[in-house]
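Asks: Give the three-dimensional model of this entry:
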Amino acid sequence: MAGKGRIENLKPWRKGQSGNPKGRPKKLVSSLLSELQKEGYAGTTKAEIEATCLILINLPADRLAAIAKDEKAPLLFRATAKKLLSSDGYKAVLELIERAIGKAHQSIAANVSMLNLEAANEAVREAIKEYNLIGSG
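Replies: Prediction:
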């Protein structure tokens, strides 16, 4: 007797019959994007996001509050304004600056003597030789 989930229960499709009669489901994201584009909405470029961040961090609190409450303002503006007005607004400012400008570069001084460098180069050469011997054998 064939039980549930057994290979005996598999049946091939009849010739000309589809295994998926309703077809492949439409892609939600692409269909939503095309719908929004037909309505006149466009994507935001990296330059626009950077400019938004740099402008919003320079606005006074009352202007940020007005943007945060404006239902017609783009979500990028409203969400950023709300975050800047929150209790961790200072952290938000730092994150926005890093996002728009980039993180500050930090230099590290290293003092490497030529003797240590030669020893390291020799160790690398030996490791490559051993790898080649193992890899070919």
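Asks: for the longest helix anywhere in the chain, what is the average pLDDT?
Replies: In the chain, with assignment by DSSP state H, the single longest helix is helix 114-136. Model confidence over helix 114-136, given as mean pLDDT, is 75.
Asks: count of neighbours near residue 8?
Replies: When counting by other C-beta atoms under 10 Å, one arrives at 8 neighbours for residue 8. C-beta coordinates here come from the backbone N, C-alpha and C atoms, glycine included.
Asks: what kind of secondary structure is it in?
Replies: When the structure is split into helix, strand and coil by DSSP: H, G, I helix; E, B strand; the rest coil, residue 8 lands in helix.
Asks: Roughly how far does it sit from residue 14?
Replies: Distance, residue 8 to residue 14, using C-beta to C-beta, to the nearest Å: 18 Å.
Asks: same question, residue 85
Replies: If you measure residue 85 against residue 14 using C-beta to C-beta, the figure is 65 Å.
Asks: before we move on, what about residue 83?
Replies: Computed as C-beta to C-beta, the residue 83 to residue 14 distance reads 59 Å.
Asks: Which one's more surrounded, these two?
Replies: It is residue 83, of residue 83 and residue 14, that has more neighbours when counted by other C-beta under 10 Å, with 18 against 7.
Asks: Does the more buried one touch residue 89 like I think?
Replies: Yes - between residue 83 and residue 89 a contact is recorded at 7.0 Å, counting by C-beta atoms under 8 Å.
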